[in-house]
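1. just need the structure, nothing else, for what follows:
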Amino acid sequence: PPPRWMSRLRLVFFGLMLAVPVVLRLSGAPTGVAVALGLALGLLLLPVAVLLSRRYGSACYCLAVCPLGLVANWLGKIAPWRIRRTDACMHCLACIRVCRYGALTPERLKEGRPGPGCTLCRDCLSVCRHGGLAVTLYDINDEQLKRSEAQMHKSLDALEQFNAITPERRGEIVAAIRLTTSMEEAVADAQFIQESGPERLEIKQSILAQVEACAAADALYASSTSGLLISDIAAKAAHPERCVGAHPYNPPHLIPLVELTSGDKTDPALLRLAYDFYQSIGKEAVLLRRECPGFIANRLQLALYREVQDLVMRGVCSVEDADKALVYGPGLRWAIFGHNMIMQLGNPGGLTGMVNMLGNSGDRWLADMASWTHQPDNWAEVAQPGVDEEMKHFPDHIGHTNEACAAYRDQMLIELLKLHKKL
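-> Numbering: from 1, shown residues only. You can find the predicted model right below:
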């Protein structure tokens, strides 16, 4: 977009075009001559605007020179026909890409209206899809693609069943998704590519090579990985600067979290662009300041699960009671705030007050907690019967099978997301 000072330049030109006729008239020049010279000044500035337009790739006459554009913008701010973002907007960013005046940015879109550079040209309306990104879903063969399509509809079933989307909205979503087994067709026109292949380095490197052979050189590539480093995935890439690690959290159609990490050659501006994109579609992105196996959430989850395993293996508690302790204890608080905020709210002195109050009392617990770095080989044999028993004891409204419990999970997640204003 053109620089911010360009829109302010109109004020200067507007003042000049008003001042020149007034000064000439006060100097004794005929009214017609004074007005004509004032208009001629605007025409003389046209070559300057052409040079600025070529320099910044924007129609800079309306933005930087023409006072009529300034007046139209001022009137537009109070006019009922001024362009505004409605609740139907799904932040596809197509309007930002076509705006020739720098009036639409991610920040302006969040505010719900264009900036002062807006000339009410309505180019943005011509590309607005009213709530949709054009998406192409790729898989390696027809069988796998059918499985992916079935999973997509299963996810949409849950959203529709629990009133997160309407049947009409579901139809719009499905209509915006194209299915293909052709890599070239999938990525040729894509601006953002989300790869979710198997968690094996050689496979991810192979997928990236295939994508780069077909995709535009300026496409942003996001690799979904739980433990691999994006530096390793992009080690052989032609454009490693455009590759980021992006780890959505399961189930990704409900959980907003996306963990972002950059490789040693990733362009920081493009990492920020990926962050802004995920935020714009309703996700909650977090940025890792350095590469780290397992990212943030999986490391926290594994640390907790190691302690669960240790407590069960030592005979301290059952599998069912370990889950109950989490669900009806800290899990309820963690569904609202992270643990640092829980600490902040737990003491009148905030987190500092809580830390001072606890002192070193946790040292004894830490000394007794698990510190091993290899999970018990027989854990599945111990835990599976405990989970089966746990499901038998669930009330009927939760269910007693994997399918029923998954549906209950989705329902509860949707209700939580509604409370968080994410749905």
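
2. quick one, what contacts the residue nearest to I165 when sequence neighbours are not counted?
-> Leaving aside its sequence neighbours, I165 sits nearest to L159 (Cβ to Cβ, 6 or more residues apart in numbering; 4.7 Å). Yep, even glycine has a C-beta here, placed from its N, CA and C like the rest. Applying Cβ atoms under 8 Å, 6 or more residues apart in numbering, one finds that L159 lies in contact with 165, 170, 253, 414.

3. which parts of the helix or strand L159 falls within are buried?
-> Per DSSP states H and E: L159 is located in helix 142-161. Using 16 or more other Cβ atoms under 10 Å as the test for burial, helix 142-161 gives 145, 152, 156, 158-160.

4. pick the one among those closest to V319.
-> A158 (26.4 Å; Cβ to Cβ).

5. so what's the closest one up against?
-> Counted by Cβ under 8 Å, 6+ apart, A158 has contacts 164, 253-254, 407, 410-411, 414.

6. how much space between the residue nearest to I165 and L133?
-> From L159 across to L133, the span is 16 Å (Cβ to Cβ, to the nearest Å).

7. with V244 instead?
-> Distance from V244 to L133, counting by Cβ to Cβ: 18 Å.

8. with neighbour numbers in mind, choose between the two.
-> V244 (24 against 18; other Cβ atoms under 10 Å).

9. wait, is that one part of a helix?
-> No - V244: not assigned to a helix; according to DSSP: H, G, I helix; E, B strand; the rest coil it is strand.

10. need the contact list for it.
-> Per Cβ under 8 Å, 6+ apart, neighbours of V244: 220-223, 230, 260-263, 266, 270-271, 274.

11. biggest separation within those residues, which pair?
-> L220 and T261 (14.2 Å).

12. mind listing what's buried in stretch 385-394?
-> Buried residues in stretch 385-394, counted by 16+ other Cβ under 10 Å: 386, 390.

13. number the chain from 3, please
-> Let's use 3 as the start, then, which means that last one is stretch 387-396.

14. what's H249 sitting at in phi/psi?
-> With angles defined as degrees, to the nearest 10, H249 sits at phi -110, psi 100.

15. okay, now it: neighbour count?
-> 27.

16. the one 4 residues further on now?
-> Neighbourhood size, P253 [other Cβ under 10 Å]: 14.

17. repeat for V310
-> 18.

18. please, which helix or strand holds it?
-> Using DSSP H and E, V310 falls in helix 299-315.

19. mean confidence (pLDDT) on that helix, please.
-> If you average the pLDDT over helix 299-315, you get 96.

20. stretch 387-402 now?
-> Mean predicted lDDT for stretch 387-402 stands at 97.

21. list of residues touching it?
-> The contact list for stretch 387-402, computed with Cβ under 8 Å, 6+ apart, reads 314, 320-322, 325, 403, 406-407, 409-410.

22. quick one, which of the residues you listed are buried?
-> Buried, going by 16+ other Cβ under 10 Å: 314, 321-322, 325, 409, out of the contacts of stretch 387-402.

23. how about the helices in the stretch 53-202 of the chain?
-> 62, 69-80, 96-100, 108-113, 125-129, 144-163, 169-177, 185-189 (DSSP state H, counting those that start in this stretch).

24. out of those, nearest to V14?
-> helix 69-80 (10.3 Å).

25. ok, so of the buried residues of helix 144-163, who is nearest W367?
-> Of those, the one sitting nearest to W367 (Cβ to Cβ) turns out to be A160, at 38.8 Å.

26. read off the pLDDT value for the closest one.
-> At A160, pLDDT is 91.

27. was I right about G104 contacting G117?
-> Yes - counting by Cβ atoms under 8 Å, G104 touches G117, with 7.2 Å between them.

28. who has more neighbours, those two?
-> Neighbours per residue (other Cβ under 10 Å) separate G104 from G117, with G104 holding more: 23 against 18.

29. any idea how far that one is from K206?
-> 37 Å.

30. and if you look at P254?
-> Counting by Cβ to Cβ, the gap from P254 to K206 is 17 Å.

31. again, but for A21
-> Counting by Cβ to Cβ, the gap from A21 to K206 is 63 Å.

32. how about S373?
-> S373 sits 32 Å away from K206, taking Cβ to Cβ as the criterion.

33. check C216 too.
-> Taking Cβ to Cβ as the measure, C216 falls 16 Å from K206.

34. who has more neighbours out of A21 and K206?
-> K206 (22 against 12).

35. which residues touch the more buried one?
-> 197, 199-200, 225, 227, 230, 235.

36. rewinding a little: what's next to the helix or strand just after the helix holding V310, contact-wise?
-> Next helix or strand after helix 299-315 toward the C-terminus (DSSP H and E): helix 321-329. Outside of helix 321-329, the residues within contact range by Cβ under 8 Å, 6+ apart are 306, 310, 313-314, 319, 384-385, 388-389, 391-392, 395.

37. quick check: mean pLDDT of the top helix by length along the chain?
-> Ranked by residue count under DSSP state H, the longest helix found in the chain is helix 7-28. Mean pLDDT, helix 7-28: 76.

38. ok, now stretch 141-153?
-> Rounded mean pLDDT across stretch 141-153 is 95.

39. what does stretch 274-283 give?
-> Stretch 274-283 carries an average pLDDT of 88.

40. same check, this time on stretch 167-181
-> 87.

41. list of residues touching that stretch?
-> Contact with stretch 167-181 is made by 131, 133-139, 147, 150-151, 154-155, 158, 161-162, as judged by Cβ under 8 Å, 6+ apart.

42. mind doing that once more with 7 Å?
-> 133-139, 147, 151, 158, 161-162 (Cβ atoms under 7 Å, 6 or more residues apart in numbering).

43. the stretch 153-302 of the chain: strands as residue ranges?
-> 179-182, 194-197, 222-225, 245-250, 259-264, 286-289 (DSSP state E, counting those that start in this stretch).

44. format those strands as a markdown table; extra columns: distance to G331.
-> A markdown table is the format used below for the strands of the stretch 153-302 of the chain (distance: least, Cβ to Cβ, whole Å):
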| stretch | distance to G331 |
| --- | --- |
| strand 179-182 | 40 |
| strand 194-197 | 35 |
| strand 222-225 | 35 |
| strand 245-250 | 27 |
| strand 259-264 | 21 |
| strand 286-289 | 24 |
